[in-house]
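>>> have a look at this prediction, sequence included:
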Amino acid sequence: MSPKKSPFFELRSGVVDTLLFVVKTTDLEAMRVELTRRFEATPEFFANDVVAIDVRRLAADERVPLAELAALLDSVRMRPIGVVAEPSQTWAAEGALPLLEARDRRVGGKAAAEEAGDAAVQASGPAAADTAAAAASAVAAAQPNGAQAAQAADPNGIPQPEAARTDSAPQTLIVERPLRSGQRVYAKGDLVVLGLVSNGAEVIAEGNIHIYAPLRGRALAGVHGNHDARIFCTRLEAELISIAGIYRTTENPLPADVQGKPVQIWLDEEKLMIEPLRLT
């Protein structure tokens, strides 16, 4: 057997999609308060999502205790896998987390490093190889198969996320059946749902979401930092709506002119805008 091959494992370079947690302050307590405010009402919102801690927005003389920050993220069920830093930020390499190289995407004409969005993050060096490999198994995304469906489906015919992302161009995913409580659909591009999204069901897309039925569960569009994504539905009764991580729950009652009505939802800066749709 060739010494270069093993039937038991492989080590090879790869790219893993992950969220960037962009640090803008060294005040851990302020971050703790904000994380609690944003996520305690929806504990499953980023449950088990892998994140890279991005410290490039900090000033040259600023530092943040990475071990404590990683523990903070872990407390809200995010899974930090490494640190993205400028070459001058040598202190970022002193902790237990590996340094990562970020290949920033551009969203809406701005570098994704300037947004709290995602980037394709590549682990560098042997110490990061195992971390990146483990993270790959935790990152779920749909693989389009033709114009309408993801490759995987549950016994009820509902498309389900694959275990790893592919490099194929995002396509629109169409779900023709109603979604019951506990069911989740993820689309790498746009998502179109033709049936009811029940309470406890969740629809997630990296692009836009179109729901031609009542939305009573959760709808999360632009989940990897696409601030231009929108949500459209013919009857808004949602438990949660979110675009690019900016969300609103039923704890804040919807105005009467959009509750139970056809609407479109988009972002204006960091504010969710909800507007009635004129269908006739």
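Thanks, I have it. Treat the numbers as computed from the prediction; the structure is a model and nothing was measured.
>>> tell me where the model's unsure across the stretch 151-280 of the chain.
151-169, 280 (pLDDT under 70).
>>> in it, mark out all the strands, start to finish.
Using DSSP state E, counting those that start in this stretch, the strands found in the stretch 151-280 of the chain span residues 173-175, 184-187, 191-193, 202-205, 209-215, 218-221, 231-236, 240-243, 246-249, 263-268, 271-276.
>>> strands paired with the third one, and their directions?
Next to strand 191-193 in the sheet, as set by DSSP bridges, lie strand 173-175 (parallel), strand 209-215 (parallel).
>>> contacting residues around that strand?
By Cβ atoms under 8 Å, 6 or more residues apart in numbering, the list of residues contacting strand 191-193 from outside reads 172-175, 179, 185, 203-205, 207-213, 221. (Glycine included, C-beta is placed from N, CA and C.)
>>> same thing but at 6 Å, please
Contacts with strand 191-193, where a contact means Cβ atoms under 6 Å, 6 or more residues apart in numbering, come from 173-175, 203, 205, 209-211.
>>> of those, which is the nearest to residue 272?
Distance to residue 272 across the contacts of strand 191-193 (Cβ to Cβ) is lowest for residue 209, with 13.4 Å.
>>> surely that closest one touches residue 219?
Yes. Look at residue 209 against residue 219 with Cβ atoms under 6 Å: they come within range, at 5.2 Å.
>>> related to what we said a few turns ago, with distance to residue 233 and neighbour count added, can I get the contacts of strand 191-193 in CSV?
What follows is the contacts of strand 191-193, written out as CSV (distance: Cβ to Cβ, whole Å; neighbours: other Cβ atoms under 10 Å):
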residue, distance to residue 233, neighbour count
173, 16, 26
174, 15, 18
175, 13, 24
203, 10, 27
205, 13, 29
209, 8, 28
210, 8, 21
211, 4, 27
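>>> distance to residue 70 added to those residues, as CSV?
What follows is those, written out as CSV (distance: Cβ to Cβ, whole Å):
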residue, distance to residue 70
173, 33
174, 39
175, 36
203, 30
205, 29
209, 32
210, 37
211, 37
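>>> quick check, nearest of those residues to residue 86?
residue 205 (32.3 Å).
>>> can you tell me how far that closest one sits from residue 191?
Separation of residue 205 from residue 191 (Cβ to Cβ, to the nearest Å): 4 Å.
>>> how about residue 57?
When residue 57 is compared with residue 191 (using Cβ to Cβ), they lie 31 Å apart.
>>> neighbour count for the two, which is higher?
Comparing residue 57 with residue 191 by other Cβ atoms under 10 Å, the one with more neighbours is residue 191, at 27 against 13.
>>> how close does the more buried one sit to residue 20?
According to Cβ to Cβ, residue 191 and residue 20 sit 23 Å apart.
>>> residue 230 too?
Distance from residue 230 to residue 20, by Cβ to Cβ: 22 Å.
>>> same drill for these two, tell me which one is more crowded.
A count of neighbours by other Cβ under 10 Å puts residue 20 above the other of residue 230 and residue 20, at 24 against 18.
>>> for that one, what is the enclosing helix or strand?
Counting by DSSP states H and E, the element that carries residue 20 is strand 16-22.
>>> and that strand, which strands flank it?
Within its sheet, and counting by DSSP bridges, strand 16-22 is paired with strand 49-54 (parallel), strand 118-123 (antiparallel).
>>> where among the ones you listed is average confidence lowest?
Confidence, taken as mean pLDDT, is least for strand 118-123 of the strands paired with strand 16-22 (a mean of 40).
>>> and for residue 209 and residue 219, which residues touch both?
Counting by Cβ under 6 Å, 6+ apart, the contacts common to residue 209 and residue 219 are 203, 231.
>>> tell me the domain ranges of the chain?
Listed domain ranges for the chain are 16-138, 144-276 (source: automatic domain parsing).
>>> in a markdown table, list those along with distance to residue 5.
Listed next are the domains of the chain as a markdown table, based on distance: least, Cβ to Cβ, whole Å:
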| stretch | distance to residue 5 |
| --- | --- |
| domain 16-138 | 17 |
| domain 144-276 | 22 |
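>>> among these, which is nearest residue 10?
For residue 10, the closest of those is domain 16-138, at 9.5 Å, according to Cβ to Cβ.
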